[in-house]
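Asks: With the input below, show me the fold.
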Amino acid sequence: MTAPSDTRPTTAAGWELNRPPGWPEPPAGWAPPSGWSPDPAWPKPPRGWRLWTAGTAHPDEQPHAAPSTNLTWAEPLGPPATDQKRARWEIWVVLSIFPLPALVTALVLLLRSVLEGTTPDQINDVLPEHPFLSSTLGGLLYATSGTSFLLVLLLLSTSGISLSRIGLTRSGLGRDLGFGALLVLAGYGITFATSIAVLAAFGEDGAPGTVKTDNQHFAAVFLIQGLIVSLVTALVEESTMSAYLLTRLQQLGWTPRRALWVSMAVRTSYHAYYGIGLLFTVPVGYLLTRSFQRHRRLVRVVLAHALYDAGLFTLAILAT
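Replies: Just a heads-up that it's a prediction; the model follows:
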């Protein structure tokens, strides 16, 4: 009833299960099915233990198990990187397309706000005398930045990762929308609590280094542009920072915890135009990143991110 000593259970994706101390021996010939996770009653692996290592693909089809609730314990999304040097270069190329330009733009906006006292704004009033046309064209201009999403899908497909593997499907859309709304409420709740704490500590002026808003006014019609910006931003950020970066780092053998913090650091950096206020983006960023790690549903985090930003845009515009 034990597996041969010279082999380890392998999955169809090419990962070997490296059995930690205290786990029972698997039956002879057993291989973990896609999405398999261990019994919660088993002891957790020692700190730093690699549960999955590159192995030989198992030729037999395995039945699908229920999705794991913790990516740390589950089979990685794609097969291990066979050419790690190329995979690392690919990551740097993707990061140079997004988010590097966003980071440089954020730093320029932050510098301008410090020197000139202006407020960084995502609304681009391209035709000040024609609000509706300006809002529509501004949204279309911003939408062109969403083409990097197609690059992410192409690169993931080259390593055998389909849209369904990253959760970009219509199946379960209602469930994703429901859980996405819960993520939004949690993000707003944490941000509100943090704002109250900052207000109590520093007063109405806010924390030192916080970018102040000016009294710039926008007509309600600019909601068109705001909603387009919200959707495109969510699509680009979540496909790159979650679906692509987390997957590639895992294929390189990074632990989920380490990949999480790297993704979070990059995600936070291009919000530098908020000044110290960028810390307010951390809670919702963490919730979105962990949601993808746990459930592998890109649709869910895109919807949640878009709803979160759209809510902020709506409040900001209508309040003026």
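
Asks: Can I get stretch 23-36 in CSV, CA atoms only?
Replies: Taking C-alpha atoms only, stretch 23-36 is exported to CSV below (Å, rounded to 0.1, in the frame of the first residue of the first chain):
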residue,chain,number,x,y,z
TRP,A,23,1.9,12.9,6.0
PRO,A,24,0.7,9.4,5.3
GLU,A,25,2.3,7.4,2.4
PRO,A,26,0.1,7.5,-0.7
PRO,A,27,-1.2,4.3,-2.2
ALA,A,28,1.0,2.7,-5.0
GLY,A,29,0.4,4.4,-8.3
TRP,A,30,-1.5,7.3,-6.8
ALA,A,31,-1.1,10.8,-8.4
PRO,A,32,-2.7,14.0,-7.1
PRO,A,33,-5.6,15.1,-9.3
SER,A,34,-5.9,18.6,-10.7
GLY,A,35,-6.8,21.0,-7.9
TRP,A,36,-6.0,18.5,-5.1
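
Asks: for the record, mean pLDDT for that stretch?
Replies: What stretch 23-36 shows for mean pLDDT is 75.

Asks: Phi and psi next, for residue 106.
Replies: Phi and psi for residue 106, reported as degrees, to the nearest 10, are phi -60, psi -40.

Asks: and what of residue 17?
Replies: Residue torsions, per degrees, to the nearest 10, at residue 17 are phi -80, psi 120.

Asks: I figured it was touching residue 10, is that so?
Replies: Yes - when contacts are counted by CB atoms under 8 Å, residue 17 is listed as touching residue 10 (7.4 Å). All C-beta atoms are positioned from the backbone trio N, CA, C, and that covers glycine.

Asks: What is the helix or strand in which residue 199 is found packed up against?
Replies: In the assignment (DSSP states H and E), residue 199 maps to helix 173-202. In terms of contacts (3 or more CB pairs under 8 Å, 6 or more residues apart in numbering; DSSP states H and E), helix 173-202 is packed against helix 282-295, helix 298-318.

Asks: Toward the C-terminus, what is the element adjacent to that helix?
Replies: Next along from helix 173-202, by DSSP H and E: helix 223-237.

Asks: Sort out which residues of that following helix are buried, please.
Replies: Residues of helix 223-237 classed as buried: 223-237 (neighbour count, 16 or more other CB atoms under 10 Å).

Asks: okay, now the domains of the chain?
Replies: For the chain, automatic domain parsing gives the domain ranges 1-75, 84-318.

Asks: ok, and which of the ones you listed has the densest surroundings?
Replies: Mean neighbours per residue, mean count of other CB atoms under 10 Å, is largest over the domains of the chain for domain 84-318, with a mean of 17.

Asks: Can you get me the start-to-end distance on that one?
Replies: 49 Å (CA to CA, to the nearest Å).

Asks: Stretch 32-39 too?
Replies: Distance between the two ends of stretch 32-39: 13 Å, counting by CA to CA.

Asks: what residue is smack in the middle of the protein?
Replies: Nearest to the geometric centre of the chain sits residue 242, at 3.2 Å (CA atoms, centre = their mean).

Asks: ok, now which ones touch that one?
Replies: Shown in contact with residue 242 (CB atoms under 8 Å, 6 or more residues apart in numbering): 263, 288, 289, 292, 293, 298, 301.

Asks: Please identify which of those residues is nearest to residue 96.
Replies: Using CB to CB, residue 263 comes nearest to residue 96 of the contacts of residue 242, at 16.3 Å.

Asks: Make sure I have this right: that closest one is in a helix.
Replies: Yes - according to DSSP: H, G, I helix; E, B strand; the rest coil, residue 263 belongs to a helix.

Asks: Could you check how far it is from residue 246?
Replies: If you measure residue 263 against residue 246 using CB to CB, to the nearest Å, the figure is 6 Å.

Asks: Residues that sit against both of those two, list them.
Replies: Residues touching both residue 263 and residue 246 (CB under 8 Å, 6+ apart) are residue 289.

Asks: For residue 313, give its distance to residue 180.
Replies: Residue 313 is 17 Å from residue 180, by CB to CB.

Asks: likewise residue 290?
Replies: Taking CB to CB as the measure, residue 290 and residue 180 are separated by 14 Å.

Asks: Mind putting the contacts of residue 242 into JSON lines with distance to residue 187 and pLDDT?
Replies: Converted to JSON lines, those look like this (distance: CB to CB, whole Å; pLDDT from 0 to 100):
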{"residue": "263", "distance to residue 187": "17", "pLDDT": "95"}
{"residue": "288", "distance to residue 187": "8", "pLDDT": "96"}
{"residue": "289", "distance to residue 187": "12", "pLDDT": "94"}
{"residue": "292", "distance to residue 187": "15", "pLDDT": "93"}
{"residue": "293", "distance to residue 187": "16", "pLDDT": "88"}
{"residue": "298", "distance to residue 187": "18", "pLDDT": "95"}
{"residue": "301", "distance to residue 187": "11", "pLDDT": "96"}
